[in-house]
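*Asks:* Build me a model:
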Amino acid sequence: MATPAESHIPDGLRTITPQLIFDGDCAAAVAFYQKAFGATLCGPPVTGPDGQGVIHALLQIGDSRLMMNDAWPGGWEHGPVEGATAGLFLYVEDCDAAYAKAVAAGCEAMFPVSDMFWGDRTGKVKDPFGHCWVLATYKTVYTPEEIAAGQKAWMDSMKPAQ
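*Replies:* Numbers count the residues shown, from 1 in each chain. Just a heads-up that it's a prediction; the model follows:
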């Protein structure tokens, strides 16, 4: 028998939960994210009435959840084509190993793993479906002054040579 919910947010979810949209390849993306990022399904994906397409899938990666579905016919959202409006920032225990695993699974290397001025070690990959993932490990706690100095050095390195 149905009962009233104890919270306005379902168990295991947070106030904001990312939702990725795919153009007919959500089922393949679920399998890929399991291989590349160690994702686990929170339940079986819900398919369309004809058994085609994914209406809803919920994955767990670390302590976070990710909703996924194929684009609805006539809907506004679609999978990335020539870019995306958002990316995913994924903290992992060892970003070097996670980056290598993602690339070996089929992700495109976008930016190599490197130490960043704010204390993270990060690298960026694009999955075969067009979604970008920054893989990060928090390595060093810097003071605000150290971050500012590191940011200045980084910004200076971006200036064209004269």
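*Asks:* show me where this protein has helices.
*Replies:* Taking DSSP state H to define them, one finds helices in the chain at 26-37, 95-105, 144-158.
*Asks:* Could you export those helices as a markdown table, including mean pLDDT?
*Replies:* Conversion of the helices of the chain to a markdown table gives the following (pLDDT from 0 to 100):
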| stretch | mean pLDDT |
| --- | --- |
| helix 26-37 | 97 |
| helix 95-105 | 98 |
| helix 144-158 | 91 |
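*Asks:* Report pLDDT for L13.
*Replies:* pLDDT, L13: 89.
*Asks:* One more: Q162?
*Replies:* pLDDT recorded at Q162 is 66.
*Asks:* Which parts of this protein are strands?
*Replies:* Secondary structure of the chain (DSSP state E): strands at 19-22, 40-41, 46-47, 54-61, 64-70, 88-91, 108-115, 120-126, 132-138.
*Asks:* where does the protein dip in pLDDT?
*Replies:* 162 (pLDDT under 70).
*Asks:* do you know how far P80 is from P44?
*Replies:* Computed as C-beta to C-beta, to the nearest Å, the P80 to P44 distance reads 25 Å. C-beta coordinates here come from the backbone N, C-alpha and C atoms, glycine included.
*Asks:* between the helices of the chain, which gets nearest to S7?
*Replies:* Among the helices of the chain, helix 26-37 comes nearest to S7, with 26.7 Å by C-beta to C-beta.
*Asks:* Provide a list of residues in contact with the closest residue in space to I147 that isn't next to it in sequence.
*Replies:* Of all residues beyond its chain neighbours, the one nearest I147 is W118 (5.5 Å), with distances taken as C-beta to C-beta, 6 or more residues apart in numbering. Contact analysis of W118 by C-beta atoms under 8 Å, 6 or more residues apart in numbering lists 142, 147, 150-151.
*Asks:* go with 10 Å
*Replies:* Neighbouring residues of W118 by C-beta atoms under 10 Å, 6 or more residues apart in numbering: 136, 138, 140-142, 146-147, 150-151, 154.
*Asks:* so how far is G87 from it?
*Replies:* 17 Å.
*Asks:* what do you get for N69?
*Replies:* N69 is 18 Å from G87, by C-beta to C-beta.
*Asks:* Next: L135.
*Replies:* In this view, L135 and G87 are 11 Å apart by C-beta to C-beta.
*Asks:* follow-up on the earlier one: among the helices of the chain, which is nearest D127?
*Replies:* For those, the distance to D127 is smallest for helix 26-37, at 6.5 Å, taking C-beta to C-beta.
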